[in-house]
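**Student:** With the input below, show me the fold.
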Amino acid sequence: MRSGDTASAYDNVQKAFSTRTDPRQMLSALASVPGSFPAIYALFEPHMKAAGGAQSASDVLCESAGFIREDDLRHLKELGADFDYVHPDHGTLLHCAIEEDNVAAVRTLLALDVDVKIRHPDGSTLPDRTLIGTSPQRREIRRLVFAKVGTPEGWKDPGVDLPVKGHWYRAERSIGISEYKTFPAGMILQAGGRCWIKGKSDICLTFQKKEGDYFGMVVIPLARLSDLKALRQVEAPESASK
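**Tutor:** Presented below is the predicted three-dimensional model:
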């Protein structure tokens, strides 16, 4: 199936579907692993496509955003994939590729003239999605996006990274906005994952006091990304193991 042949992919997926009761759940799982991702081509087999297969493909493509290749993107485009589809939680495939730091995918999607004006479901613009990160991959993604849409007026590279999930941080000063939890100065918390607030482009982060002891959501406006510089990575406190 690696060649993207829709007919052979269709035959294999039909067999796989016979072993599970919820094909939609299987599609998401198939799309999330490089080895099984080519099965998504089955959705563009004429019969499957006529039955809404292309729409189903659009709904799961973000699962592959971390590894999807240039040749896959170009082939899927030829088959009729809708790269401007907006997933209600994740946004477009371009948003997801940025989130995963997949430089090749970002470069290819931009070359395929995807709609760069589409906002993420949280309201953030495409440049907003690139703002955080100091890795070479993230810097290159910023360069690619800005070359396509223009550099924001007054742009200054924030030079900050998000807290790494599972690592511990101490705040040198209180950060966050009062509508949610604030991370008090001197407190040590463990970083959880990203969170999203519908209609808000602010950076939403989860933290916990220790395993199973949830602290809450800390929300940082895009205009105050420097607040992230107040977090210092530290060793886990003794209380974390109790």
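**Student:** any low-confidence regions in this protein?
**Tutor:** Low-confidence segments of the chain, defined by pLDDT under 70: 1-25, 242.
**Student:** Quick one: list the elements packing against the helix ranked longest in it.
**Tutor:** When the chain is parsed with DSSP state H, its longest helix is helix 136-149. Packed against helix 136-149 by the contact rule (3 or more Cβ pairs under 8 Å, 6 or more residues apart in numbering; DSSP states H and E) you find helix 103-111, helix 126-129. No exception for glycine: its C-beta is placed from N, CA and C like everyone else's.
**Student:** To residue 141, which of those lies closest?
**Tutor:** Each of the helices and strands packed on helix 136-149 was scored for nearness to residue 141 using Cβ to Cβ, and the closest is helix 103-111 (5.2 Å).
**Student:** ok, residues contacting the closest one?
**Tutor:** Under the contact criterion Cβ atoms under 8 Å, 6 or more residues apart in numbering, helix 103-111 has outside partners 65, 68-70, 73-74, 83, 93-94, 97-98, 116, 137, 140-141, 144-145, 148.
**Student:** Could you rerun that using 10 Å?
**Tutor:** Contact partners of helix 103-111, identified using Cβ atoms under 10 Å, 6 or more residues apart in numbering, comprise 64-74, 77, 83-84, 92-98, 100, 102, 114, 116, 126, 130, 136-145, 147-149.
**Student:** Filter those down to the buried ones.
**Tutor:** Neighbour counting by 16 or more other Cβ atoms under 10 Å classes 64-65, 68, 72-73, 77, 83-84, 92-98, 100, 102, 114, 116, 126, 130, 138, 141-142, 144-145, 148 among these as buried.
**Student:** Now the phi/psi pair for residue 197, please.
**Tutor:** With angles defined as degrees, to the nearest 10, residue 197 sits at phi -120, psi 120.
**Student:** Buried residues, stretch 101-117. List them.
**Tutor:** In terms of neighbour count (16+ other Cβ under 10 Å), stretch 101-117 has its buried residues at 101, 102, 103, 105, 106, 107, 108, 109, 110, 114, 116.
**Student:** give me every residue that touches the closest residue to residue 28 other than its chain neighbours.
**Tutor:** Excluding the flanking residues, the one nearest residue 28 by Cβ to Cβ, 6 or more residues apart in numbering is residue 60, at 5.0 Å. Residue 60 makes contacts with 24, 26, 27, 28, 29, 30, 31, 32, 37, 40, 43, 87, as judged by Cβ under 10 Å, 6+ apart.
**Student:** Any chance of JSON lines for those residues, columns secondary structure and neighbour count?
**Tutor:** Formatted as JSON lines, these follow (DSSP: H, G, I helix; E, B strand; the rest coil; neighbours: other Cβ atoms under 10 Å):
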{"residue": "24", "secondary structure": "helix", "neighbour count": "10"}
{"residue": "26", "secondary structure": "helix", "neighbour count": "18"}
{"residue": "27", "secondary structure": "helix", "neighbour count": "23"}
{"residue": "28", "secondary structure": "helix", "neighbour count": "15"}
{"residue": "29", "secondary structure": "helix", "neighbour count": "14"}
{"residue": "30", "secondary structure": "helix", "neighbour count": "24"}
{"residue": "31", "secondary structure": "helix", "neighbour count": "23"}
{"residue": "32", "secondary structure": "coil", "neighbour count": "16"}
{"residue": "37", "secondary structure": "helix", "neighbour count": "21"}
{"residue": "40", "secondary structure": "helix", "neighbour count": "27"}
{"residue": "43", "secondary structure": "helix", "neighbour count": "28"}
{"residue": "87", "secondary structure": "strand", "neighbour count": "18"}
